[in-house]
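Engineer: predicted model and sequence follow; I will ask about them next.
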Amino acid sequence: MKYIIYARKSSESSDRQALSIQSQIVEMEEIAKRENLDIVQVFEESKSAKAPGRPIFNEMLDTIEKGKAQGILCWRIDRLARNPVDEGKIRWLLQGEIIKQIKTSNRDYNPEDNVVIASIEFSMANQYIRDLSKTVIRGLDEKVRLGEYPGSSLPIGYTRDLRSKKLKLDRKNWHYVKKIFELYATGLYSTRSLSDKFYEEGLRTKKKKKVSSSVMHKILTNPLFYGWFLWKGELHKGIHAPIISKKLFDNVQAIMFPKARHNITDRDFIFRGVLTCGECGLVITAENQRGHNYYRCTKSRGSKKCSQKYLREKDLAIQINQELEKIDFDPEILDLIIKATKEKELVNFDFYSEKRKRNQKLLENNRNFQESLIDKFVEEKISEIVYERKLAKYKDEEASLEDLLSKDYELSNDIIEKMEMIAKFSKLASKLFKNGTDEIRKEIVSIISSNIVIKDQKILSFSLKEPFNWLLEDKSVLPAQNNTFEHSIFPLFKAKTAHNKEAVSVMYAFASGVFCIFY
(Lines give C-alpha, C1' and ligand atoms only; values in the text may rest on other atoms or scores of the structure.)
Protein backbone atom coordinates (compact mmCIF):
# COMPACT_ATOMS: atom_id res chain seq x y z
CA MET A 1 0.00 0.00 0.00
CA LYS A 2 1.23 3.46 -0.90
CA TYR A 3 1.06 6.38 1.54
CA ILE A 4 0.96 10.15 1.40
CA ILE A 5 2.43 12.36 4.14
CA TYR A 6 0.27 15.40 4.92
CA ALA A 7 1.69 18.14 7.19
CA ARG A 8 -0.19 21.29 8.12
CA LYS A 9 0.11 24.26 10.47
CA SER A 10 -2.62 26.84 11.06
CA SER A 11 -0.36 29.88 10.78
CA GLU A 12 0.01 31.17 7.24
CA SER A 13 3.17 33.10 8.07
CA SER A 14 6.07 31.43 6.29
CA ASP A 15 8.69 32.38 8.86
CA ARG A 16 6.67 30.76 11.69
CA GLN A 17 5.61 27.87 9.52
CA ALA A 18 8.66 26.07 8.26
CA LEU A 19 9.93 24.40 11.42
CA SER A 20 6.57 23.19 12.63
CA ILE A 21 5.75 21.54 9.31
CA GLN A 22 9.25 20.15 9.01
CA SER A 23 9.00 18.65 12.49
CA GLN A 24 5.79 16.88 11.51
CA ILE A 25 7.39 15.50 8.35
CA VAL A 26 10.45 14.26 10.26
CA GLU A 27 8.22 12.44 12.76
CA MET A 28 6.15 10.86 9.98
CA GLU A 29 9.22 9.78 8.06
CA GLU A 30 10.50 8.13 11.23
CA ILE A 31 7.25 6.16 11.53
CA ALA A 32 7.37 5.24 7.83
CA LYS A 33 10.93 4.01 8.20
CA ARG A 34 10.15 2.06 11.36
CA GLU A 35 7.07 0.37 9.84
CA ASN A 36 8.54 0.05 6.31
CA LEU A 37 5.82 2.16 4.64
CA ASP A 38 5.99 3.22 0.99
CA ILE A 39 5.75 7.05 0.84
CA VAL A 40 4.98 8.33 -2.67
CA GLN A 41 4.40 12.02 -2.00
CA VAL A 42 4.61 14.67 0.74
CA PHE A 43 2.05 17.48 0.94
CA GLU A 44 2.78 20.61 3.00
CA GLU A 45 0.13 23.23 3.78
CA SER A 46 0.26 26.52 5.67
CA LYS A 47 -3.43 27.17 6.11
CA SER A 48 -6.01 26.82 8.86
CA ALA A 49 -8.38 23.86 8.61
CA LYS A 50 -11.24 25.55 10.46
CA ALA A 51 -12.97 26.26 7.11
CA PRO A 52 -13.12 24.22 3.87
CA GLY A 53 -11.22 25.28 0.78
CA ARG A 54 -7.59 24.29 1.42
CA PRO A 55 -5.97 23.85 -2.02
CA ILE A 56 -3.21 21.41 -0.95
CA PHE A 57 -5.70 19.31 1.03
CA ASN A 58 -7.98 19.07 -2.02
CA GLU A 59 -5.00 18.18 -4.21
CA MET A 60 -4.11 15.38 -1.78
CA LEU A 61 -7.65 13.95 -1.89
CA ASP A 62 -7.61 14.14 -5.70
CA THR A 63 -4.36 12.13 -5.72
CA ILE A 64 -5.96 9.45 -3.54
CA GLU A 65 -9.17 9.33 -5.60
CA LYS A 66 -7.07 8.73 -8.72
CA GLY A 67 -5.58 5.66 -7.03
CA LYS A 68 -2.03 6.98 -6.77
CA ALA A 69 -2.03 6.33 -3.01
CA GLN A 70 -4.26 4.48 -0.54
CA GLY A 71 -3.08 5.68 2.85
CA ILE A 72 -2.46 8.98 4.67
CA LEU A 73 0.27 9.57 7.24
CA CYS A 74 -0.18 12.66 9.43
CA TRP A 75 0.86 13.81 12.90
CA ARG A 76 -2.68 14.00 14.34
CA ILE A 77 -6.15 13.51 12.89
CA ASP A 78 -6.84 17.23 13.41
CA ARG A 79 -4.15 18.01 10.81
CA LEU A 80 -6.64 16.72 8.23
CA ALA A 81 -9.89 18.41 9.28
CA ARG A 82 -11.29 20.88 11.76
CA ASN A 83 -14.56 21.50 9.93
CA PRO A 84 -17.55 19.25 9.09
CA VAL A 85 -17.14 19.52 5.29
CA ASP A 86 -13.56 18.22 5.13
CA GLU A 87 -14.36 15.72 7.88
CA GLY A 88 -17.20 14.34 5.75
CA LYS A 89 -14.88 13.91 2.73
CA ILE A 90 -12.30 12.00 4.77
CA ARG A 91 -14.88 9.78 6.49
CA TRP A 92 -16.64 9.03 3.20
CA LEU A 93 -13.41 8.01 1.45
CA LEU A 94 -12.42 5.91 4.46
CA GLN A 95 -15.82 4.24 4.67
CA GLY A 96 -15.71 3.49 0.92
CA GLU A 97 -12.19 2.03 1.34
CA ILE A 98 -10.75 4.50 -1.15
CA ILE A 99 -8.61 5.51 1.80
CA LYS A 100 -7.53 2.18 3.26
CA GLN A 101 -5.76 3.60 6.28
CA ILE A 102 -5.04 6.85 8.09
CA LYS A 103 -1.99 6.50 10.30
CA THR A 104 -1.10 9.08 12.97
CA SER A 105 1.64 9.20 15.58
CA ASN A 106 -0.51 7.44 18.16
CA ARG A 107 -3.14 5.33 16.37
CA ASP A 108 -4.47 3.99 13.08
CA TYR A 109 -7.88 4.54 11.45
CA ASN A 110 -9.16 1.77 9.18
CA PRO A 111 -12.37 1.31 7.11
CA GLU A 112 -13.53 -1.56 9.31
CA ASP A 113 -13.26 0.48 12.53
CA ASN A 114 -16.34 1.65 14.39
CA VAL A 115 -17.30 4.94 12.71
CA VAL A 116 -18.09 6.42 16.14
CA ILE A 117 -14.39 6.50 16.99
CA ALA A 118 -13.44 8.66 14.00
CA SER A 119 -16.49 10.85 14.62
CA ILE A 120 -15.35 11.56 18.17
CA GLU A 121 -11.82 12.39 17.04
CA PHE A 122 -13.03 14.77 14.34
CA SER A 123 -15.56 16.34 16.71
CA MET A 124 -12.73 17.10 19.10
CA ALA A 125 -10.72 18.61 16.24
CA ASN A 126 -13.64 20.85 15.29
CA GLN A 127 -13.38 22.70 18.57
CA TYR A 128 -10.77 25.16 19.62
CA ILE A 129 -8.78 23.18 22.18
CA ARG A 130 -7.79 25.08 25.29
CA ASP A 131 -4.07 24.76 25.69
CA LEU A 132 -3.51 24.15 29.38
CA SER A 133 0.08 23.00 29.12
CA LYS A 134 1.65 23.57 32.52
CA THR A 135 4.89 24.70 30.95
CA VAL A 136 3.22 27.28 28.72
CA ILE A 137 1.06 28.64 31.54
CA ARG A 138 4.04 28.87 33.88
CA GLY A 139 6.06 30.69 31.21
CA LEU A 140 3.29 33.21 30.55
CA ASP A 141 2.75 33.82 34.26
CA GLU A 142 6.47 34.44 34.69
CA LYS A 143 6.43 36.94 31.84
CA VAL A 144 3.55 38.79 33.46
CA ARG A 145 5.36 38.81 36.81
CA LEU A 146 8.38 40.41 35.14
CA GLY A 147 6.19 43.02 33.47
CA GLU A 148 6.54 41.59 29.94
CA TYR A 149 3.42 41.63 27.79
CA PRO A 150 2.71 37.93 26.99
CA GLY A 151 0.15 38.40 24.21
CA SER A 152 1.02 37.16 20.73
CA SER A 153 -1.11 39.77 18.94
CA LEU A 154 0.41 43.25 19.09
CA PRO A 155 -1.52 46.49 18.60
CA ILE A 156 -0.44 49.17 16.16
CA GLY A 157 2.50 51.11 17.60
CA TYR A 158 4.48 48.19 19.00
CA THR A 159 6.64 45.38 17.67
CA ARG A 160 8.92 42.78 19.28
CA ASP A 161 12.69 42.90 19.64
CA LEU A 162 14.20 39.98 17.72
CA ARG A 163 16.74 39.27 20.45
CA SER A 164 14.85 39.71 23.70
CA LYS A 165 11.29 39.14 22.37
CA LYS A 166 10.21 42.14 24.45
CA LEU A 167 7.94 44.94 23.27
CA LYS A 168 9.53 47.94 21.64
CA LEU A 169 8.15 50.97 19.85
CA ASP A 170 7.40 50.56 16.15
CA ARG A 171 9.26 53.44 14.54
CA LYS A 172 6.80 53.64 11.67
CA ASN A 173 3.56 53.83 13.63
CA TRP A 174 3.95 54.77 17.29
CA HIS A 175 3.60 58.52 16.62
CA TYR A 176 0.26 57.84 14.88
CA VAL A 177 -1.06 56.26 18.08
CA LYS A 178 -0.08 59.25 20.17
CA LYS A 179 -1.80 61.62 17.75
CA ILE A 180 -4.94 59.44 17.72
CA PHE A 181 -5.29 59.84 21.50
CA GLU A 182 -4.54 63.57 21.39
CA LEU A 183 -7.14 64.26 18.70
CA TYR A 184 -9.85 62.13 20.32
CA ALA A 185 -9.26 63.86 23.67
CA THR A 186 -10.32 67.17 22.07
CA GLY A 187 -13.85 65.79 21.73
CA LEU A 188 -14.01 66.85 18.09
CA TYR A 189 -13.37 63.44 16.51
CA SER A 190 -15.22 60.11 16.35
CA THR A 191 -13.52 56.76 15.78
CA ARG A 192 -14.89 56.78 12.22
CA SER A 193 -13.50 60.24 11.44
CA LEU A 194 -10.12 59.20 12.93
CA SER A 195 -10.14 56.12 10.71
CA ASP A 196 -10.60 58.27 7.60
CA LYS A 197 -8.13 60.96 8.69
CA PHE A 198 -5.24 58.62 9.47
CA TYR A 199 -5.78 56.61 6.32
CA GLU A 200 -5.12 59.82 4.41
CA GLU A 201 -2.03 60.44 6.56
CA GLY A 202 -0.58 57.04 5.68
CA LEU A 203 -1.51 54.74 8.61
CA ARG A 204 -2.12 51.17 7.44
CA THR A 205 -2.74 47.74 8.97
CA LYS A 206 -0.30 44.88 8.41
CA LYS A 207 -2.35 43.97 5.35
CA LYS A 208 -1.98 47.53 4.01
CA LYS A 209 -5.65 48.36 4.66
CA LYS A 210 -7.45 51.17 6.48
CA VAL A 211 -7.54 50.95 10.28
CA SER A 212 -11.25 50.42 10.89
CA SER A 213 -13.44 52.29 13.34
CA SER A 214 -13.67 49.24 15.62
CA VAL A 215 -9.87 48.94 15.73
CA MET A 216 -9.65 52.65 16.58
CA HIS A 217 -11.96 51.95 19.51
CA LYS A 218 -9.69 49.13 20.68
CA ILE A 219 -6.65 51.40 20.46
CA LEU A 220 -8.35 54.13 22.49
CA THR A 221 -9.32 51.69 25.27
CA ASN A 222 -6.07 49.72 25.46
CA PRO A 223 -4.02 50.46 28.63
CA LEU A 224 -0.94 49.02 26.93
CA PHE A 225 -0.26 52.45 25.46
CA TYR A 226 0.24 54.13 28.86
CA GLY A 227 2.51 51.36 30.20
CA TRP A 228 0.09 48.78 31.64
CA PHE A 229 -1.61 45.75 30.11
CA LEU A 230 -4.64 43.55 30.70
CA TRP A 231 -4.05 39.84 31.30
CA LYS A 232 -6.74 37.41 32.50
CA GLY A 233 -8.96 40.34 33.36
CA GLU A 234 -6.39 42.08 35.56
CA LEU A 235 -4.15 45.10 35.01
CA HIS A 236 -0.38 44.60 35.24
CA LYS A 237 2.39 47.20 35.07
CA GLY A 238 4.58 46.65 32.03
CA ILE A 239 8.26 47.33 31.47
CA HIS A 240 7.71 48.49 27.87
CA ALA A 241 7.97 52.14 26.84
CA PRO A 242 4.61 53.95 27.03
CA ILE A 243 3.36 56.02 24.10
CA ILE A 244 0.96 58.27 26.06
CA SER A 245 0.46 59.40 29.65
CA LYS A 246 -2.07 57.91 32.04
CA LYS A 247 -3.74 61.32 32.27
CA LEU A 248 -4.32 61.44 28.51
CA PHE A 249 -5.71 57.91 28.57
CA ASP A 250 -8.14 58.82 31.40
CA ASN A 251 -9.27 61.92 29.50
CA VAL A 252 -10.08 59.77 26.48
CA GLN A 253 -12.06 57.30 28.63
CA ALA A 254 -14.07 60.14 30.15
CA ILE A 255 -15.08 61.28 26.65
CA MET A 256 -15.74 57.78 25.34
CA PHE A 257 -17.77 56.71 28.40
CA PRO A 258 -19.43 59.90 29.66
CA LYS A 259 -21.72 58.21 32.20
CA ALA A 260 -20.52 57.99 35.77
CA ARG A 261 -18.59 54.81 36.27
CA HIS A 262 -20.20 54.12 39.67
CA ASN A 263 -23.53 53.51 37.89
CA ILE A 264 -22.05 50.63 35.93
CA THR A 265 -22.08 47.24 37.63
CA ASP A 266 -19.18 44.88 37.05
CA ARG A 267 -21.10 41.86 38.35
CA ASP A 268 -20.16 38.69 36.53
CA PHE A 269 -23.34 36.74 35.81
CA ILE A 270 -22.39 33.10 36.32
CA PHE A 271 -24.41 31.55 33.47
CA ARG A 272 -23.96 34.24 30.83
CA GLY A 273 -22.11 33.06 27.75
CA VAL A 274 -23.42 29.48 27.57
CA LEU A 275 -27.17 30.13 27.15
CA THR A 276 -29.11 30.20 23.87
CA CYS A 277 -32.76 31.00 23.18
CA GLY A 278 -34.69 27.91 22.08
CA GLU A 279 -37.21 29.93 20.07
CA CYS A 280 -35.11 32.27 17.91
CA GLY A 281 -31.58 30.92 18.45
CA LEU A 282 -30.10 34.18 19.72
CA VAL A 283 -27.80 34.57 22.69
CA ILE A 284 -29.38 34.92 26.13
CA THR A 285 -28.12 37.85 28.18
CA ALA A 286 -28.43 38.70 31.89
CA GLU A 287 -29.38 41.67 34.03
CA ASN A 288 -30.02 42.55 37.65
CA GLN A 289 -33.43 43.81 38.74
CA ARG A 290 -34.31 44.62 42.36
CA GLY A 291 -31.48 42.52 43.72
CA HIS A 292 -32.24 39.44 41.60
CA ASN A 293 -30.46 38.17 38.49
CA TYR A 294 -32.56 37.34 35.44
CA TYR A 295 -31.71 35.81 32.05
CA ARG A 296 -33.53 36.74 28.86
CA CYS A 297 -33.20 36.54 25.09
CA THR A 298 -31.49 39.58 23.56
CA LYS A 299 -34.34 39.75 20.97
CA SER A 300 -32.08 41.68 18.63
CA ARG A 301 -34.37 40.67 15.73
CA GLY A 302 -37.31 42.33 17.43
CA SER A 303 -39.81 41.31 20.10
CA LYS A 304 -42.24 40.05 17.45
CA LYS A 305 -39.70 37.40 16.46
CA CYS A 306 -39.40 35.98 19.99
CA SER A 307 -41.96 35.60 22.77
CA GLN A 308 -39.66 34.25 25.49
CA LYS A 309 -39.88 35.64 29.03
CA TYR A 310 -37.33 36.25 31.76
CA LEU A 311 -35.89 33.33 33.74
CA ARG A 312 -34.72 33.91 37.29
CA GLU A 313 -31.14 32.79 38.04
CA LYS A 314 -32.23 30.87 41.12
CA ASP A 315 -34.71 28.79 39.09
CA LEU A 316 -32.15 28.25 36.32
CA ALA A 317 -29.60 26.98 38.87
CA ILE A 318 -32.11 24.38 40.11
CA GLN A 319 -32.66 23.11 36.57
CA ILE A 320 -28.94 22.97 35.82
CA ASN A 321 -28.37 20.97 39.00
CA GLN A 322 -31.02 18.48 37.82
CA GLU A 323 -29.14 18.09 34.53
CA LEU A 324 -25.88 17.51 36.38
CA GLU A 325 -27.51 14.76 38.42
CA LYS A 326 -27.95 12.83 35.16
CA ILE A 327 -24.16 12.55 34.78
CA ASP A 328 -24.02 9.42 36.89
CA PHE A 329 -21.81 6.89 35.17
CA ASP A 330 -21.58 3.22 36.01
CA PRO A 331 -18.44 2.53 38.13
CA GLU A 332 -17.61 -0.53 36.00
CA ILE A 333 -17.57 1.57 32.84
CA LEU A 334 -15.25 4.11 34.45
CA ASP A 335 -12.99 1.25 35.59
CA LEU A 336 -12.80 0.07 31.96
CA ILE A 337 -11.72 3.54 30.86
CA ILE A 338 -8.87 3.60 33.36
CA LYS A 339 -7.87 0.05 32.45
CA ALA A 340 -7.79 0.96 28.74
CA THR A 341 -5.68 4.04 29.47
CA LYS A 342 -3.14 2.03 31.46
CA GLU A 343 -2.78 -0.50 28.64
CA LYS A 344 -2.35 2.24 26.04
CA GLU A 345 0.24 4.09 28.11
CA LEU A 346 2.38 0.96 28.49
CA VAL A 347 2.45 0.60 24.69
CA ASN A 348 3.33 4.28 24.18
CA PHE A 349 6.00 4.52 26.86
CA ASP A 350 8.96 3.39 24.75
CA PHE A 351 7.82 5.46 21.77
CA TYR A 352 7.56 8.70 23.77
CA SER A 353 10.82 7.96 25.58
CA GLU A 354 12.80 7.69 22.34
CA LYS A 355 11.03 10.71 20.92
CA ARG A 356 11.93 12.83 23.95
CA LYS A 357 15.59 11.79 23.72
CA ARG A 358 15.70 12.78 20.07
CA ASN A 359 14.08 16.17 20.69
CA GLN A 360 16.31 16.82 23.70
CA LYS A 361 19.36 16.19 21.51
CA LEU A 362 18.02 18.58 18.86
CA LEU A 363 17.39 21.21 21.54
CA GLU A 364 20.94 20.82 22.90
CA ASN A 365 22.37 21.25 19.39
CA ASN A 366 20.18 24.30 18.83
CA ARG A 367 21.46 26.04 21.96
CA ASN A 368 25.05 25.23 21.00
CA PHE A 369 24.43 26.85 17.61
CA GLN A 370 23.07 29.96 19.35
CA GLU A 371 26.18 30.25 21.54
CA SER A 372 28.40 29.87 18.51
CA LEU A 373 26.39 32.52 16.66
CA ILE A 374 26.77 34.97 19.56
CA ASP A 375 30.53 34.38 19.63
CA LYS A 376 30.79 35.11 15.90
CA PHE A 377 28.78 38.30 16.31
CA VAL A 378 30.90 39.50 19.24
CA GLU A 379 34.05 38.78 17.23
CA GLU A 380 32.50 40.72 14.31
CA LYS A 381 32.72 37.73 11.98
CA ILE A 382 29.12 38.24 10.87
CA SER A 383 26.98 41.36 10.39
CA GLU A 384 24.17 42.40 12.71
CA ILE A 385 21.55 41.69 10.01
CA VAL A 386 22.80 38.11 9.52
CA TYR A 387 23.06 37.67 13.28
CA GLU A 388 19.47 38.78 13.95
CA ARG A 389 18.04 36.70 11.11
CA LYS A 390 19.80 33.51 12.17
CA LEU A 391 19.16 34.07 15.87
CA ALA A 392 15.44 34.54 15.22
CA LYS A 393 15.42 31.27 13.28
CA TYR A 394 17.19 29.40 16.10
CA LYS A 395 14.87 30.96 18.70
CA ASP A 396 11.79 29.82 16.78
CA GLU A 397 13.25 26.33 16.48
CA GLU A 398 14.08 26.30 20.20
CA ALA A 399 10.53 27.33 21.16
CA SER A 400 9.04 24.62 18.93
CA LEU A 401 11.29 21.92 20.37
CA GLU A 402 10.50 23.02 23.93
CA ASP A 403 6.80 22.87 23.08
CA LEU A 404 7.17 19.34 21.67
CA LEU A 405 9.05 18.20 24.78
CA SER A 406 6.43 19.63 27.12
CA LYS A 407 3.60 18.01 25.16
CA ASP A 408 5.40 14.65 25.09
CA TYR A 409 5.78 14.86 28.85
CA GLU A 410 2.11 15.65 29.33
CA LEU A 411 1.06 12.79 27.05
CA SER A 412 3.21 10.20 28.80
CA ASN A 413 2.72 11.19 32.46
CA ASP A 414 -0.02 11.16 35.07
CA ILE A 415 -2.89 10.48 32.59
CA ILE A 416 -4.09 7.65 34.85
CA GLU A 417 -4.34 10.03 37.79
CA LYS A 418 -6.24 12.47 35.61
CA MET A 419 -8.76 9.88 34.48
CA GLU A 420 -9.36 8.74 38.05
CA MET A 421 -9.93 12.33 39.12
CA ILE A 422 -12.47 12.86 36.33
CA ALA A 423 -14.28 9.68 37.36
CA LYS A 424 -14.69 11.12 40.86
CA PHE A 425 -15.62 14.53 39.48
CA SER A 426 -18.42 13.14 37.30
CA LYS A 427 -19.91 11.57 40.42
CA LEU A 428 -19.68 14.77 42.49
CA ALA A 429 -20.47 17.44 39.86
CA SER A 430 -24.02 17.96 41.13
CA LYS A 431 -22.91 18.18 44.76
CA LEU A 432 -20.11 20.62 43.96
CA PHE A 433 -22.49 22.79 41.96
CA LYS A 434 -25.16 22.78 44.67
CA ASN A 435 -22.80 23.69 47.53
CA GLY A 436 -20.19 25.75 45.66
CA THR A 437 -19.67 29.48 45.28
CA ASP A 438 -20.78 31.40 42.19
CA GLU A 439 -17.25 31.14 40.82
CA ILE A 440 -17.21 27.34 41.20
CA ARG A 441 -20.69 27.04 39.69
CA LYS A 442 -19.60 29.09 36.70
CA GLU A 443 -16.52 26.92 36.17
CA ILE A 444 -18.47 23.67 36.47
CA VAL A 445 -21.04 24.78 33.88
CA SER A 446 -18.42 26.13 31.45
CA ILE A 447 -16.30 22.98 31.65
CA ILE A 448 -19.16 20.47 31.40
CA SER A 449 -21.60 22.13 28.99
CA SER A 450 -20.93 23.71 25.60
CA ASN A 451 -24.44 25.13 25.16
CA ILE A 452 -27.63 25.32 27.21
CA VAL A 453 -30.82 26.01 25.25
CA ILE A 454 -33.67 27.72 27.16
CA LYS A 455 -37.31 27.80 26.05
CA ASP A 456 -40.47 28.61 28.01
CA GLN A 457 -38.34 29.16 31.14
CA LYS A 458 -37.12 25.55 30.96
CA ILE A 459 -33.88 23.89 29.81
CA LEU A 460 -34.67 22.49 26.38
CA SER A 461 -31.19 21.11 25.69
CA PHE A 462 -28.08 20.64 27.85
CA SER A 463 -25.12 19.89 25.56
CA LEU A 464 -22.12 18.19 27.14
CA LYS A 465 -18.43 18.55 26.29
CA GLU A 466 -15.84 15.77 26.10
CA PRO A 467 -15.35 13.48 27.90
CA PHE A 468 -18.87 13.65 29.38
CA ASN A 469 -20.83 13.61 26.13
CA TRP A 470 -19.39 10.40 24.72
CA LEU A 471 -19.56 8.74 28.13
CA LEU A 472 -23.26 9.56 28.39
CA GLU A 473 -23.98 8.49 24.79
CA ASP A 474 -22.25 5.15 25.16
CA LYS A 475 -23.93 4.53 28.49
CA SER A 476 -27.32 4.61 26.74
CA VAL A 477 -26.36 2.05 24.08
CA LEU A 478 -24.26 -0.39 26.08
CA PRO A 479 -25.38 -4.03 26.05
CA ALA A 480 -26.55 -5.68 29.23
CA GLN A 481 -23.68 -6.65 31.50
CA ASN A 482 -22.73 -10.23 30.64
CA ASN A 483 -19.67 -12.19 29.60
CA THR A 484 -19.37 -10.22 26.34
CA PHE A 485 -19.67 -6.80 28.02
CA GLU A 486 -16.00 -6.05 28.40
CA HIS A 487 -15.12 -7.53 25.03
CA SER A 488 -17.59 -5.25 23.23
CA ILE A 489 -16.91 -1.98 25.03
CA PHE A 490 -13.20 -2.17 25.83
CA PRO A 491 -11.78 -1.30 22.36
CA LEU A 492 -14.12 1.69 22.06
CA PHE A 493 -13.13 3.15 25.41
CA LYS A 494 -9.49 2.41 24.72
CA ALA A 495 -9.59 4.54 21.58
CA LYS A 496 -11.56 7.32 23.20
CA THR A 497 -9.40 7.50 26.28
CA ALA A 498 -6.18 7.54 24.30
CA HIS A 499 -7.32 10.45 22.14
CA ASN A 500 -9.25 12.65 24.54
CA LYS A 501 -6.23 13.68 26.59
CA GLU A 502 -6.76 17.35 25.88
CA ALA A 503 -10.27 17.18 27.34
CA VAL A 504 -8.92 15.09 30.20
CA SER A 505 -6.27 17.71 30.99
CA VAL A 506 -8.86 20.48 31.04
CA MET A 507 -11.09 18.59 33.44
CA TYR A 508 -8.21 17.51 35.67
CA ALA A 509 -6.88 21.03 36.08
CA PHE A 510 -10.25 22.29 37.24
CA ALA A 511 -11.31 19.23 39.23
CA SER A 512 -8.06 19.29 41.22
CA GLY A 513 -8.78 22.83 42.37
CA VAL A 514 -12.37 22.04 43.30
CA PHE A 515 -11.44 18.97 45.34
CA CYS A 516 -8.88 21.03 47.24
CA ILE A 517 -11.66 23.40 48.26
CA PHE A 518 -14.15 20.77 49.41
CA TYR A 519 -11.84 18.17 50.93
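Structural biologist: Thanks, I have the structure now. Numbering: from 1, shown residues only.
Engineer: not counting its own residues, what contacts stretch 47-61?
Structural biologist: 4, 6, 8, 10, 12, 43-45, 72, 78-83, 85-86, 89, 93, 125 (CB atoms under 8 Å, 6 or more residues apart in numbering). (Each C-beta comes from the backbone N, C-alpha and C, glycine too.)
Engineer: and stretch 90-104, by the same measure?
Structural biologist: 1, 3, 31, 37, 61, 64-65, 70-77, 80-81, 108-111, 115, 118-119, 122.
Engineer: secondary structure element for Glu87?
Structural biologist: Under the criterion of DSSP states H and E, Glu87 resides in helix 84-95.
Engineer: buried residues in that helix?
Structural biologist: Buried positions in helix 84-95, judged by neighbour count with 16 or more other CB atoms under 10 Å: Asp86, Glu87, Lys89, Ile90, Arg91, Leu93, Leu94.
Engineer: following element in sequence after it, please.
Structural biologist: In N-to-C order, the element after helix 84-95 by DSSP H and E is strand 101-103.
Engineer: neighbouring strands - and their directions - for that next one?
Structural biologist: Strand pairing for strand 101-103, determined by DSSP bridges: strand 71-73 (parallel), strand 108-109 (antiparallel).
Engineer: what mean pLDDT does stretch 373-382 get?
Structural biologist: Stretch 373-382 carries an average pLDDT of 81.
Engineer: measure that stretch end to end?
Structural biologist: In stretch 373-382, first residue to last residue: 9 Å (CA to CA, to the nearest Å).
Engineer: which residue ranges of the stretch 151-300 of the chain form helices?
Structural biologist: Under the criterion DSSP state H, counting those that start in this stretch, the stretch 151-300 of the chain contains helices at 174-184, 191-200, 213-220, 246-256.
Engineer: the inter-axis angle of the third one versus helix 191-200?
Structural biologist: Relative orientation of helix 213-220 and helix 191-200, computed by axes from the mean of the first three to the mean of the last three CA atoms, to 10 degrees: 90 degrees.
Engineer: please state the offset of helix 213-220 from the chain centre?
Structural biologist: Mean-position distance between helix 213-220 and its chain equals 25 Å (CA atoms, centre = their mean, to the nearest Å).
Engineer: tell me the buried residues in that helix?
Structural biologist: Under the neighbour-count criterion of 16+ other CB under 10 Å, helix 213-220 has Met216, His217, Ile219, Leu220 buried.
Engineer: in a markdown table: these, plus distance to Lys357.
Structural biologist: Below are these laid out as a markdown table (distance: CB to CB, whole Å):
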| residue | distance to Lys357 |
| --- | --- |
| Met216 | 51 |
| His217 | 51 |
| Ile219 | 48 |
| Leu220 | 51 |
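Engineer: and those residues, which is closest to Lys206?
Structural biologist: Checking the buried residues of helix 213-220 against Lys206 with CB to CB, the nearest one is Ile219 at 14.4 Å.
Engineer: tell me how far that closest one lies from Gln253.
Structural biologist: Counting by CB to CB, to the nearest Å, the gap from Ile219 to Gln253 is 13 Å.
Engineer: repeat that for Leu61.
Structural biologist: Leu61 is 52 Å from Gln253, by CB to CB.
Engineer: and those two? Which one has more around it.
Structural biologist: Legend: neighbour count by other CB atoms under 10 Å for Leu61 and Gln253, higher for Leu61 (21 against 15).
Engineer: could you list the low-confidence segments of the stretch 201-350 of the chain?
Structural biologist: Scanning the stretch 201-350 of the chain with the threshold set as pLDDT under 70 gives 259-268, 303, 328-350.
Engineer: same thing with the stretch 51-200 of the chain?
Structural biologist: Along the stretch 51-200 of the chain, the parts satisfying pLDDT under 70 run over 114-139.
Engineer: tabulate the buried residues of helix 84-95 in JSON lines, adding columns for distance to Leu373.
Structural biologist: Shown next, in JSON lines, are the buried residues of helix 84-95 (distance: CB to CB, whole Å):
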{"residue": "Asp86", "distance to Leu373": "41"}
{"residue": "Glu87", "distance to Leu373": "44"}
{"residue": "Lys89", "distance to Leu373": "45"}
{"residue": "Ile90", "distance to Leu373": "43"}
{"residue": "Arg91", "distance to Leu373": "47"}
{"residue": "Leu93", "distance to Leu373": "47"}
{"residue": "Leu94", "distance to Leu373": "46"}
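Engineer: in terms of helices and strands, where is Ile459?
Structural biologist: Counting by DSSP H and E, Ile459 is part of strand 458-464.
Engineer: give the rounded mean pLDDT of that strand.
Structural biologist: Averaged across strand 458-464, pLDDT comes to 89.
Engineer: what helices or strands is that strand leaning on?
Structural biologist: Applying 3 or more CB pairs under 8 Å, 6 or more residues apart in numbering; DSSP states H and E, one finds that strand 458-464 contacts helix 313-324, strand 449-455.
Engineer: could you dump those to JSON lines with mean neighbour count and distance to Ser20?
Structural biologist: As requested, the helices and strands packed on strand 458-464 are exported to JSON lines (neighbours: other CB atoms under 10 Å; distance: least, CB to CB, whole Å):
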{"stretch": "helix 313-324", "mean neighbour count": "17", "distance to Ser20": "39"}
{"stretch": "strand 449-455", "mean neighbour count": "18", "distance to Ser20": "28"}
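Engineer: next, format these as JSON lines and append distance to Arg54.
Structural biologist: Formatted as JSON lines, the helices and strands packed on strand 458-464 follow (distance: least, CB to CB, whole Å):
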{"stretch": "helix 313-324", "distance to Arg54": "38"}
{"stretch": "strand 449-455", "distance to Arg54": "26"}
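Engineer: for Gly238, which of these is the nearest?
Structural biologist: When those are compared by CB to CB, strand 449-455 sits nearest Gly238, at 34.7 Å.
Engineer: who does that closest one pair up with?
Structural biologist: Here strand 449-455 is paired, per DSSP bridges, with strand 275-277 (parallel), strand 458-464 (antiparallel).
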